[in-house]
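# any chance you could fold what I've pasted below:
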Amino acid sequence: MWEKPAHRKIEGTARPLRVAYLVDLKTCDDLLIDAIIAESFSRWSGRRTPIIPASSDGVDPAYQAWLHAFDADIIYSFANLTDDAVAQLDELMAPGILHHHEDRYRDPEGDRRFRVELPLQGLSCLSVLPMFASRRWGFGDRPQSILTFDKYWDGSEDTFLRENFGFLSTSFGNSQLADSAPELFSCLTLISKEALENRQHGKSECAKYESDPRAFLEALAEPAAILPPCQLSELFCHYLEPKNSLKRGGVNVVVGDDISDRLVFWNGHNRFPRNEMTGTSSIRISVEQSNDTDFLQLIGKVLDRRGVQDDQYSPVATIRSTSLDENELAEIAERIKPEGKSWKRYETETISDANWAIPKFWEERAFFTTGSVAISREPKGQQRSELANGRAELLLATPWHLSENYLPPSVRAGQWMVDLSIERENDHCRFSNVVHEWVLPRRLRIDPFFSLSRDNSSSQMYPRYCQRPTRSGYLSASTELTVHQASISVPDDDHALFGGLLDFQRDRFLRSEKDNDGRQTHPPKVRDAKYSDKGRYLLGALQHFSNLPDALQALMHDFWRETLRKLGANPSHLDDQLETDFQNVLSKRLRTNSNEWMVSDEQSRQTVAREALRVASQLRRPDRFIQYDKLLSRYDKLVSSFLIENPHMKEENRDQYLPPQELDPSIQYLCERKVLYQGYEWQCRNCYNRNWISIDDLSRVMTCNVCQNKALPPVSGGWQFKASGFLVEAYSDHGTEPAIWALWQLAERARRSFYFLPSILIWFNEYREDGANDCEVDLLAVVDGETIAVEATTSKTLKASEIQKLAAFAERVRPDKLYVVCGANGERARDKLVKRIQESLPEAVKVEVATYQVSSERNDPYLPS
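Take a look at the predicted model:
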């Protein structure tokens, strides 16, 4: 039989740091795109960095789905976003860092300077070189004499090489990096003729210098181990598999000088799966360069050698542009063919705008993968640790290409992310062979309450790290090779959810929080929150059991629900007929012709009081106890009905489907959990007091609690059972059962994760000890990462004041959904209530209304035990 594992574990998986750039196309400059490309070439997986058009109002809607799927850890914005746009980004994308670029100028009249300054440095693209040099990738030998591209410090420049392939010193801002690891790589360096001939200028013995940029293209056209920064940043990367792949069309060759052409070139790379080791998928050519036939033919030779191609029948490349027409592209396609290879096929395509480059994904398959290169699927960089009492010592996972080789200091700098799958110690999963994990919501930011401490040997005094919830709900945290040891403290449910409500980091990206001009900072979501009486009774009811699934299995089974109801756990207002009769009588007594009546004078108030007392006298008093014989009789009827409804279970084979004595173990279980109390009630013949004697207090002589009269115990009759007084009070006076029913419905939906807060009182502005709270929420649950606020009542609808309070809560806390459990009968009544509530809520908060069921589908004879 399956059993829950005794220990919980944390599993970490390493992945690249993901960065997304937001640019305003109205003010976008070529220098800005150059800076983004240069920085991206410096990072592992940086070639997959998206450039997202945005305005002050937020991200271009056409790019929302891509940005959501990309799941950026850092969003770096060149657009001047409003606070509303920032709040929306925080809510939907949950970045660990949202950084506004600070414009810097050479002088007031000079050109703008775009220098990307990420808050933390991603893992260097050079870190892939030791792994690349250590193996045979295919049928040849191990790579020898690896070359990459660089430029000399004298100002030598070539825009084509810089944009399409990159230079080390441009990307890293460090001209000394080229000589830092000669055992791993050397550089093909662009230099001016003057500097090349000047012997006073120091030059590296390991580098090869060229003054003609075309020499770089000729080197790329040869079968050598050349890895420019563009391919270093692509090697061993993680990527999203697009469903609108461009691979069938060969290399994406973009001709044009507009910003839209540059976006088609850069973003279009994300419409390719990951390239082979030295493959090239995208190239941009300026209009001026497209007029140079010799240059085009040299590009054709490079594409013939390194271009990605789906199969032998696919074109070598497709020439595209947003600024040139079809005839111009066709003429370029003819001239780009290498000399003597006129049979090579090149296709053309005109594009309307930059949105063409947006990759699209299958929603169910929008996850990052690594593919394979000359080997089977690349291994994952993973580590596991044991979690006990909310703490674990972590061996932070490293990317697989860092785990097998020594890395020189010059190539191991930078941070990567580790996605942490954390099993829940307070597990609410109903399946014995499954353990729920922490799936973090995005709108209710509880990730800051997972405390991660790092033992760092870095020379930085206060190194900065990134921590956030991923799209999959994992806690993701950054680390680096200088972190030798780390530990994590996992919060309990109360600490996490109360902290998420108070949210001391709320809107931490908003400008006004950093404003020194007197603007008021944004308030927290709520000022204070604490358990309500209803919440404490709910917790008390659930704590009769060892875990939530056991509690729901017992309390939501129809057999025991009805039993508890007979024993008093039944609020009187569940009797709909009695309520209707009461309203009809009052209408007659107050002499009104409608269901609306006013109580405005003393006589009317007396009439209402008399009728209320009369109705109260009609309420049936609950049973003080229930006999075992009655329980057995009811259970036998339940079994008989079950066999009729399931004819394949024949009476003669009953024992195969229904274990004998199913009732007795269930009664014993509920008595053990103190839901029922086993004993005997007897009436004193002297004072007529009814005495209850628990099974623990049975003796040879019974003593009356009032007159102390003694009597002998009975020798006939069966056991009797009373309900827990706490449960009776919780159900009848505090409306706990609808909340438990709602909890049961939500828990049944959970597949990966479920945790909750019981009923809470909330103060929006300030806590008032002697004043009323601003709102009460019956449950706040997180179901598979979705934040759901619950209002549970037996009333048929909600009052306007109740809806107004829930709307205020939704406006501040912004859960994903408001789940209303009430007595609304029929789909039409539920739809009407949904419409009423939705009109008052923010657009992003959805509403679901469910009808509270007094009897559920759990009416089988398999009782909890």
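# which parts of the stretch 351-500 of the chain are helices?
Using DSSP state H, counting those that start in this stretch, the helices of the stretch 351-500 of the chain run over residues 493-502.
# list the contacts of the closest residue in space to residue 838 that isn't next to it in sequence.
Distances taken as Cβ to Cβ, 6 or more residues apart in numbering place residue 847 nearest to residue 838, at 5.0 Å, with adjacent residues excluded. C-beta coordinates here come from the backbone N, C-alpha and C atoms, glycine included. Contacts of residue 847 were listed using Cβ atoms under 8 Å, 6 or more residues apart in numbering, and they are 817, 818, 820, 834, 837, 838, 841.
# burial count for the nearest residue to residue 773 once chain neighbours are set aside?
Spatially, and ignoring its direct neighbours in sequence, residue 773 is nearest to residue 761 (4.1 Å; Cβ to Cβ, 6+ apart). Neighbour count for residue 761, taken as other Cβ atoms under 10 Å: 19.
# so residue 761 sits in a strand?
Yes. Under DSSP: H, G, I helix; E, B strand; the rest coil, residue 761 falls within a strand.
# how many neighbours does residue 532 have?
By other Cβ under 10 Å, neighbour count at residue 532 equals 19.
# what does the one 4 residues further on give?
Using other Cβ under 10 Å, residue 536 is surrounded by 16 other residues.
# the one 3 residues further on too?
Other residues near residue 539 number 16, with proximity taken as other Cβ under 10 Å.
# from what I can see it touches residue 756, true?
No. Assessed by Cβ atoms under 8 Å, residue 539 is found out of contact with residue 756, at 10.5 Å.
# what residues of the helix or strand hosting residue 730 count as buried?
Residue 730 is part of helix 725-734, with elements assigned from DSSP states H and E. Buried residues in helix 725-734, counted by 16 or more other Cβ atoms under 10 Å: 727, 728, 729, 730, 731, 732, 734.
# out of those, which comes closest to residue 398?
residue 730 (51.3 Å; Cβ to Cβ).
# now the buried residues of helix 725-734 as a markdown table including pLDDT?
Listed next are these as a markdown table, based on pLDDT from 0 to 100:
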| residue | pLDDT |
| --- | --- |
| 727 | 88 |
| 728 | 86 |
| 729 | 86 |
| 730 | 86 |
| 731 | 84 |
| 732 | 82 |
| 734 | 84 |
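# next helix or strand past the helix holding residue 730?
Criterion used, DSSP H and E; the element after helix 725-734 is helix 736-749.
# got the angle for that following helix vs helix 725-734?
Compare the direction of helix 736-749 with that of helix 725-734 by axes from the mean of the first three to the mean of the last three Cα atoms, to 10 degrees and you get 100 degrees.
# gap between helix 736-749 and the chain center?
Mean C-alpha position of helix 736-749 versus that of the full chain (Cα atoms, centre = their mean, to the nearest Å) differs by 23 Å.
# any idea which helix or strand comes after that helix?
Next element after helix 736-749 (DSSP H and E): strand 754-757.
# can I get that next one in PDB? Just the C-alpha atoms.
Once non-C-alpha atoms are left out, strand 754-757 reads as follows in PDB (Å, rounded to 0.1, in the frame of the first residue of the first chain):
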ATOM      1  CA  PHE A 754      -3.200  23.600  -2.300                       C
ATOM      2  CA  TYR A 755      -3.000  25.800   0.800                       C
ATOM      3  CA  PHE A 756      -5.300  28.300   2.500                       C
ATOM      4  CA  LEU A 757      -6.100  30.800   5.200                       C
END
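# what are the boundaries of the strands in the stretch 601-750 of the chain?
626-627, 676-683, 690-694, 702-703, 710-711, 720-723 (DSSP state E, counting those that start in this stretch).
# now the stretch 451-600 of the chain
Counting by DSSP E, counting those that start in this stretch, the strands of the stretch 451-600 of the chain are 451-456, 467-469, 475-479, 483-489, 528-531.
# out of those strands, flag the one nearest residue 638.
strand 528-531 (36.7 Å).
# list the contacts of that closest one.
So strand 528-531 is contacted by 498, 501, 502, 539, 758, 759, 760, 761, 762, 763, 766, 767 (Cβ under 8 Å, 6+ apart).
# how does it look with 6 Å?
Here strand 528-531 makes contact (Cβ atoms under 6 Å, 6 or more residues apart in numbering) with 501, 760, 761, 762, 763, 767.
# please apply the same query to stretch 87-107.
58, 72-78, 113, 119, 442-443, 466-469, 507, 509.
# and what of stretch 237-250?
For stretch 237-250, using Cβ under 6 Å, 6+ apart, the contacting residues are 15-16, 45, 48, 69, 252, 271-272, 274, 309-310, 314-318, 359-362, 368, 370.
# how is this structure divided into domains?
Following the assignment in automatic domain parsing, the chain carries domains at 8-14+371-514, 17-113, 132-232, 242-360, 540-728, 733-851.
# dump the buried residues of helix 725-734 to TSV, plus distance to residue 665.
Below are the buried residues of helix 725-734 laid out as TSV (distance: Cβ to Cβ, whole Å):
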residue	distance to residue 665
727	20
728	24
729	27
730	25
731	24
732	28
734	30
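# which of the contacts of stretch 237-250 fall within strands?
15, 252, 317, 318, 368 (DSSP state E).
# which of the residues you listed ranks first by neighbour count?
residue 317 (29 neighbours).
# now residue 64: how far from residue 53?
11 Å (Cβ to Cβ, to the nearest Å).
# so these two - more neighbours on which side?
Neighbour count, other Cβ under 10 Å: between residue 64 and residue 53, residue 53 has more, with 22 against 15.
# what sits against the more buried one?
Contacts of residue 53 (Cβ under 6 Å, 6+ apart): 25, 60.
# wait, a strand at it?
Yes. Per three-state DSSP, residue 53 lies within a strand segment.
# tell me the pLDDT of residue 610.
Looking at residue 610, its pLDDT is 69.
# residue ranges in the stretch 201-350 of the chain under the pLDDT threshold?
Where the stretch 201-350 of the chain drops to pLDDT under 70, the residues are 311-313.
# in it, which spans are strands?
Under DSSP E, counting those that start in this stretch, the stretch 201-350 of the chain gives strands at 208-210, 239-240, 251-255, 282-285, 317-321, 346-350.
# for the fifth one, packing partners?
Yep, that's strand 317-321 we're talking about. Packed against strand 317-321 by the contact rule (3 or more Cβ pairs under 6 Å, 6 or more residues apart in numbering; DSSP states H and E) you find strand 251-255, helix 326-335, strand 346-350.
# so which of those is the most packed in?
strand 251-255 (a mean of 27; mean count of other Cβ atoms under 10 Å).
# spit out the contact partners of the most far-flung residue of the chain relative to its centre.
Taking Cα atoms, centre = their mean, the residue of the chain most remote from its mean C-alpha position is residue 686, at 68.4 Å. For residue 686, the contacting residues are 707, 709, by Cβ under 6 Å, 6+ apart.
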